[in-house]
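In: What shape does this take:
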Amino acid sequence: MLSNVVYSKNISWTLLSDSMFVFDEITNKMYLFKGLSRDFWLLIQNNSNISDVIKKLAETNNVEYTFMENKVVQITNKLVKKNLLIWS
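Out: Numbers count the residues shown, from 1 in each chain. Here you go, the predicted structure:
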């Protein structure tokens, strides 16, 4: 079962046009998110429940829940590894 996810405390971010820029204030690294990664990042702002986020993304992108679940888990694990997100 999937758990919740939250932003790390050491990041700041901004949306500029269709691009999301995330800055890690500890490592001074900047990350650029577009497309699904950007949409995922924005959705967890208001809802940290991964299952709800996956459902919304699957509906928006007109794909099966399990397909989107695999994509979101991959994205989340990468962002957790980079210390941008935290499983809660």
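
In: How about residues contacting the strand or helix carrying residue 73?
Out: Here residue 73 sits within helix 65-81, counting by DSSP states H and E. For helix 65-81, the surrounding residues in contact (CB atoms under 8 Å, 6 or more residues apart in numbering) are 2, 5, 36-37, 40, 50, 53-55, 57-58, 61, 85-87. C-betas here are computed from N, CA, C, even on glycine.

In: ranges for the helices of this protein?
Out: Taking DSSP state H, the helices of the chain run over residues 35-46, 50-61, 65-81.

In: Can you tell me what sits against the second one?
Out: Okay, so that is helix 50-61. 2-5, 36, 39-40, 43-44, 47, 64-65, 67-69, 71-72, 76.

In: any idea of the angle that helix forms with helix 35-46?
Out: 130 degrees (axes from the mean of the first three to the mean of the last three CA atoms, to 10 degrees).

In: and residue 63, how many neighbours?
Out: Residues near residue 63, counting by other CB atoms under 10 Å, number 12.

In: Which pLDDT value belongs to it?
Out: Here the pLDDT value assigned to residue 63 is 97.

In: How about residue 1?
Out: According to the model, residue 1 scores 58 on pLDDT.

In: for residue 46, same thing?
Out: pLDDT, residue 46: 85.
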